[in-house]
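Q: below is the sequence, then the predicted model.
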Amino acid sequence: MAPETKQTSPSKSKKRKFVIESVIRKDKLLAEPVLARFLNGRPCKDGNLRGRLFQNNTNNLRYQNNRLFAVETPQLTYIGKNYGVENSAPIKELYFLGILDKKTGKMKLVEMSSYTLYPNLPTFIESEPDLPLEETYTEKQRKIISEFGSKKANKAYSQAQMVKVDPEGMAEAIHQASTSVEVTEDDLNHLITNEESYLALLPECDRNASTPEEVYKLEWIAPDDFLAHYETVGRQHLKSELKFDETYSSLMKVIAAIAKFELDDESQIRQVCLALYIEDLIRFSRLKSWELRKGTPVLQDCPERVKYYIFHTYTSERGKVFSATDKDRLLCCILVLSLIGCKYEVFTTTLIESLQMNIKKLNLLMKAIGATYMRESNCYKLKFPLTRLTKSYKKISRSMKKK
């Protein structure tokens, strides 16, 4: 007979005591052991499951402990989180993995993370059943008139339907009509002459240049020997011996402030002299014709040669008539010089405040110059392609006077 074996219960098994050598806690930079429990039991019978532990790498300390554990199976993907509404980690429970060294009888404890994994099911959007289209107010009105309306109402409704315009058909008819129109060479020449009539107000320029800097050049409008009349005053401003008070325009102050960013002394002097010349042009543009006829002293601080040039260029009848055309020519020169002084980009508010003109007039002159309005930065910029203006100067001036 076989010998009898006595089975001992777990409660009567021998208890062993181990010495805990060290306890290793979680580290944010290292992946810890994971105890995973699947919500729907064993996901697959025969297969090696591999999980991935993801950590939040943001600089916010509040979210650095957020982790996500994912296990992929041939059928589904299981996900467990330790944060948010779908937090599957047990609350106030710590799990440790014990590693026993049988030779020394010492044990190391490694802190673990526990996750309950839920199957990640795709979201299905339930399609609503097709409902009959709701009738419009016109269709309802037509049914009511046809069923309960009088003969007069039915006749009026039928006449209104006959006169009704189909938007799609009208759009197609307009497209066919516009494509069938032939533009002759005379029409194109008319547009060119209208544009050239307004370009006559501009200073010397090259509209066919390859870069915006070559369209308007400072040596064409105000060469160095011309700006040299402001050199003495300009050097005093650079040395801060003279300061720009409230009588100076904001445009002049902006252009003079850019001089500090120039690399050499010659460029700084040229920039300050240009700002002083623009200031004299702005003050002259604010004058009225009656002030010139009365002989009111103007531009007292302006150099005599520059003052003679301004009166000779922008007035007629020996400086007694300052017409609207002369003023537009002067404003175009100021705008071109302001673009050059501000590196071909000047703010709209600075121009309106300094020149005391409305936005419509400013936009009109800037289009003639070729500058583009940048809506995002609220400024005018000289860039390619240059803005084209095809309206004649006479028509534009008349429309401005009517308004």
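A: Good, I have the coordinates.
Q: mind checking the SS state of the nearest residue to Asp280 once chain neighbours are set aside?
A: Distance criterion C-beta to C-beta, 6 or more residues apart in numbering; nearest residue to Asp280, sequence neighbours excluded, is Cys302 at 4.6 Å. Heads up, the C-betas are built off the backbone N, CA and C, glycines and all. Assigned with DSSP: H, G, I helix; E, B strand; the rest coil, Cys302 falls in the coil class.
Q: quick one: Cys302 and Ile278 touch, right?
A: No. Contact criterion C-beta atoms under 8 Å: Cys302 and Ile278 do not qualify, at 11.8 Å.
Q: more neighbours: those two, which one.
A: Using other C-beta atoms under 10 Å as the criterion, Cys302 and Ile278 rank with Ile278 on top: 24 against 21.
Q: name the element that one belongs to?
A: Assigned by DSSP states H and E, Ile278 belongs to helix 265-285.
Q: one step back: for Ile79, see how far away the residue nearest to Asp280 is.
A: Using C-beta to C-beta, to the nearest Å, one gets 79 Å for the distance from Cys302 to Ile79.
Q: which pLDDT value belongs to the residue nearest to Leu76 when sequence neighbours are not counted?
A: Spatially, and ignoring its direct neighbours in sequence, Leu76 is nearest to Pro119 (4.7 Å; C-beta to C-beta, 6+ apart). At Pro119, the model reports a pLDDT of 82.
Q: before we move on, the earlier item: with just CA atoms, put the very next helix or strand once past the helix holding Ile278 into PDB.
A: Where DSSP H and E defines the elements, the next helix or strand beyond helix 265-285 is helix 289-294. Extracted in PDB, the C-alpha atoms of helix 289-294 (Å, rounded to 0.1, in the frame of the first residue of the first chain):
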ATOM      1  CA  SER A 289      -4.500 130.200 -49.500                       C
ATOM      2  CA  TRP A 290      -5.700 133.300 -47.700                       C
ATOM      3  CA  GLU A 291      -2.700 133.200 -45.400                       C
ATOM      4  CA  LEU A 292      -0.400 133.300 -48.400                       C
ATOM      5  CA  ARG A 293      -2.300 136.100 -50.000                       C
ATOM      6  CA  LYS A 294      -2.100 138.200 -46.900                       C
END
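Q: go through helix 289-294 and flag the buried ones.
A: Neighbour-count burial for helix 289-294 flags Leu292 (criterion: 16 or more other C-beta atoms under 10 Å).
Q: distance from the chain centre to the helix or strand hosting Ser158, please.
A: Taking DSSP H and E as the definition, Ser158 sits inside helix 151-163. Distance of helix 151-163 from its chain centroid, counting by C-alpha atoms, centre = their mean, to the nearest Å, is 53 Å.
Q: which secondary structure elements does that helix sit against?
A: helix 137-148 (3 or more C-beta pairs under 8 Å, 6 or more residues apart in numbering; DSSP states H and E).
Q: now the angle between helix 151-163 and the helix it packs on, please.
A: Interaxial angle, helix 137-148 versus helix 151-163 (axes from the mean of the first three to the mean of the last three C-alpha atoms, to 10 degrees): 150 degrees.
Q: then helix 137-148 to CSV, C-alphas only?
A: Provided in CSV are the C-alpha atoms of helix 137-148 (Å, rounded to 0.1, in the frame of the first residue of the first chain):
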residue,chain,number,x,y,z
TYR,A,137,-43.3,79.3,-45.1
THR,A,138,-43.8,79.9,-48.9
GLU,A,139,-44.9,76.3,-49.5
LYS,A,140,-47.3,76.4,-46.6
GLN,A,141,-48.7,79.7,-47.8
ARG,A,142,-49.2,78.2,-51.3
LYS,A,143,-51.1,75.2,-50.0
ILE,A,144,-53.4,77.4,-47.8
ILE,A,145,-54.2,79.7,-50.8
SER,A,146,-54.8,76.8,-53.2
GLU,A,147,-57.1,75.1,-50.7
PHE,A,148,-59.0,77.9,-48.9
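Q: now do the buried residues in it.
A: In helix 137-148, counting by 16+ other C-beta under 10 Å, buried: Arg142.
Q: cool, and stretch 257-272?
A: Ile258, Ala259, Gln268, Ile269, Arg270, Gln271, Val272.
Q: now the two most distant members of the residues you listed.
A: Pairwise distances across those (C-beta to C-beta) peak at 12.9 Å, for the pair Ile258 and Ile269.
Q: and for Phe38, the neighbour number?
A: Per other C-beta under 10 Å, the neighbour tally for Phe38 reads 19.
Q: what's the pLDDT at it?
A: Looking at Phe38, the pLDDT reads 79.
Q: what of the one 10 residues further on?
A: At Asn48, the predicted lDDT confidence score is 71.
Q: quick one: it from Asp225, how far?
A: Counting by C-beta to C-beta, the gap from Asn48 to Asp225 is 89 Å.
Q: ok, now which ones touch the residue nearest to Ala153 when sequence neighbours are not counted?
A: Among residues not flanking Ala153 along the chain, Ile145 sits closest, at 5.3 Å (C-beta to C-beta, 6+ apart). Applying C-beta atoms under 8 Å, 6 or more residues apart in numbering to Ile145 gives the contacts Ala153, Asn154, Tyr157.
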